[in-house]
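Asks: turn this into a model:
(2 chains)
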Amino acid sequence: NAGVTQTPKFQVLKTGQSMTLQCAQDMNHEYMSWYRQDPGMGLRLIHYSVGAGITDQGEVPNGYNVSRSTTEDFPLRLLSAAPSQTSVYFCASSLQRGAKNIQYFGAGTRLSVL
Amino acid sequence: AQKVTQAQTEISVVEKEDVTLDCVYETRDTTYYLFWYKQPPSGELVFLIRRNSFDEQNEISGRYSWNFQKSTSSFNFTITASQVVDSAVYFCALSPSYYNNNDMRFGAGTRLTVKP
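Replies: You can find the predicted model right below:
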């Protein structure tokens, strides 16, 4: 059981480039989310999805797009990378929305924007 | 507004010492959930415990124990007889709504180093 898988693990971009961070889960979870982790700060929610075809914004959505065409996959797109987007990105999933459901996290993607 | 404070940025102990990681939270909700996650060097976040605001009983799981005190808005985590494998970053988190994950707030984390 792979759980939540994120690719790539590391990425370096130049300012203005675009890229997609991949996230896949094999637990048939309805709820998926993206967080970013910055030094000295906790994880902050970027976008989330409560099911295929349904997405919404979190606390820090600017500069990011998401889509959810399947239950398994929830990619995060950086449209035009900026140095402020240098961070570690975590994808998480849970059976359903809500605190009663434990979120399972991927291993993270470390992104540097030069 | 919801807020989680982990004042200890880094802690270093020698193996077999007991160590307590502090977590203080702020919320105006009467119903909320508190969590602890562990982030080992491999990077993923591992769920440790969830506690709801109506249950103030302390929780013990092996060498781990949690002390939840609403009066001081704290949810502290103690590792007894620490081991090298306990070295990790530990996050405390608050979810103010039973049905809403998107308001979850994380603390900045405490990096624990256990030396042999």
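
Asks: ok and the residue in chain A nearest chain B?
Replies: At 3.0 Å from chain B, A:Gly42 is the closest residue in chain A, using CB to the nearest CB. (Glycine included, C-beta is placed from N, CA and C.)

Asks: what's stretch B:13-27 in contact with?
Replies: With CB atoms under 8 Å, 6 or more residues apart in numbering or on different chains as the test, stretch B:13-27 has contacts from B:1-8, B:11, B:34, B:36, B:72-84, B:90, B:92, B:94, B:96, B:107, B:110, B:112-116.

Asks: ends of that stretch, what's the gap?
Replies: Taking CA to CA, to the nearest Å as the measure, stretch B:13-27 stretches 32 Å from start to finish.

Asks: over to A:Pro83: give its phi and psi.
Replies: Backbone dihedrals for A:Pro83, given as degrees, to the nearest 10, come out at phi -50, psi -30.

Asks: which residues pair with the residue lying closest to it once chain neighbours are set aside across the strands?
Replies: Distances taken as CB to CB, 6 or more residues apart in numbering or on different chains put A:Val113 closest to A:Pro83, at 5.0 Å, once the chain neighbours are dropped. With DSSP bridges as the criterion, A:Val113 is bridged to A:Leu13.

Asks: and A:Val113, how far is that from A:Ser93?
Replies: Distance from A:Val113 to A:Ser93, counting by CB to CB, to the nearest Å: 26 Å.

Asks: comparing these two, which shows the higher neighbour count?
Replies: When A:Val113 and A:Ser93 are compared for neighbours, A:Ser93 comes out ahead with 27 against 19, by other CB atoms under 10 Å in any protein chain shown.

Asks: would you agree B:Gly107 is in contact with A:Met41?
Replies: No: counting by CB atoms under 8 Å, B:Gly107 does not reach A:Met41; the two are 9.2 Å apart.

Asks: tell me the buried residues in the helix or strand encompassing A:Ala92?
Replies: Assigned by DSSP states H and E, A:Ala92 falls within strand A:87-94. For strand A:87-94, burial by neighbour count (16 or more other CB atoms under 10 Å in any protein chain shown) applies to A:87-94.

Asks: helices and strands around that strand, which ones?
Replies: Identification of packing neighbours for strand A:87-94 by 3 or more CB pairs under 8 Å, 6 or more residues apart in numbering or on different chains; DSSP states H and E yields strand A:4-7, strand A:19-25, strand A:31-37, strand A:104-105, strand A:109-113.

Asks: who does it pair up with?
Replies: Sheet pairing for strand A:87-94, assigned by DSSP bridges, gives strand A:31-37 (antiparallel), strand A:104-105 (antiparallel), strand A:109-113 (antiparallel).

Asks: what about A:Lys11, distance to B:Ser42?
Replies: Just so we're on the same page, residue A:11 is Gln rather than Lys. Distance from A:Gln11 to B:Ser42, by CB to CB: 18 Å.

Asks: among the two, which residue is more densely surrounded?
Replies: A:Gln11 (17 against 9).

Asks: ok, the more buried one - contacts?
Replies: A:19, A:21, A:109-112.
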